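Engineer: Sequence first, then the predicted structure, then my questions.
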Amino acid sequence: MAGRVKRKAGLAQAAILVARNGPATACALCDRPLGAKVEWHHRIPKSQGGTQTVPVHPICHRTIHALVANADLARDYADLDVLRARDDVARYLRWIADKPPDFHAPTRRGR
């Protein structure tokens, strides 16, 4: 039951954001068109008090959290331009640039 409540809350938040900003059409990280599945990334993690979210592909979302710790996201990488400038994220963005919107691949943890 808790999963359902959480999902409904997420859908309600997405509906509010769409009403405010219009439908999301591009990933906030890679700027490719969004596919059938969209996840909402907290620019500052919820555990650090963040509330603002941006739409991202599931693979982009997993990559962000695999490469950058939540404390670092809150402290240094809340600005997506700064996050994109990281070497490992920039390498990922070059790799993902020509993939289709619903592309899926396993995500490895950063080294």
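Structural biologist: Happy to help now that I have it.
Engineer: And the helices in the chain?
Structural biologist: Counting by DSSP state H, the chain has helices at residues 2-21, 58-67, 70-75, 80-85, 87-96.
Engineer: contact partners of the third one?
Structural biologist: What that stands for is helix 70-75. 43-45, 47-50, 64, 83 (CB atoms under 8 Å, 6 or more residues apart in numbering). In this view, the C-beta of every residue, glycine as well, is placed from N, C-alpha and C.
Engineer: Comparing the helices of the chain, which yields the minimum mean pLDDT?
Structural biologist: Among the helices of the chain, helix 2-21 has the lowest mean pLDDT, at a mean of 49.
Engineer: follow-up on the earlier one: with distance to Ala71 as extra columns, can I get the contacts of helix 70-75 in a markdown table?
Structural biologist: Below are the contacts of helix 70-75 laid out as a markdown table (distance: CB to CB, whole Å):
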| residue | distance to Ala71 |
| --- | --- |
| Arg43 | 14 |
| Ile44 | 11 |
| Pro45 | 8 |
| Ser47 | 9 |
| Gln48 | 7 |
| Gly49 | 12 |
| Gly50 | 12 |
| Ile64 | 14 |
| Leu83 | 14 |
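Engineer: from the residues you listed, which single one is nearest Val56?
Structural biologist: Ile64 (7.4 Å; CB to CB).
Engineer: so who does the closest one touch?
Structural biologist: 29, 41, 56, 73, 83, 89.
Engineer: from those residues, which is closest to His104?
Structural biologist: Nearest member of these to His104, counting by CB to CB, is Val56, at 13.7 Å.
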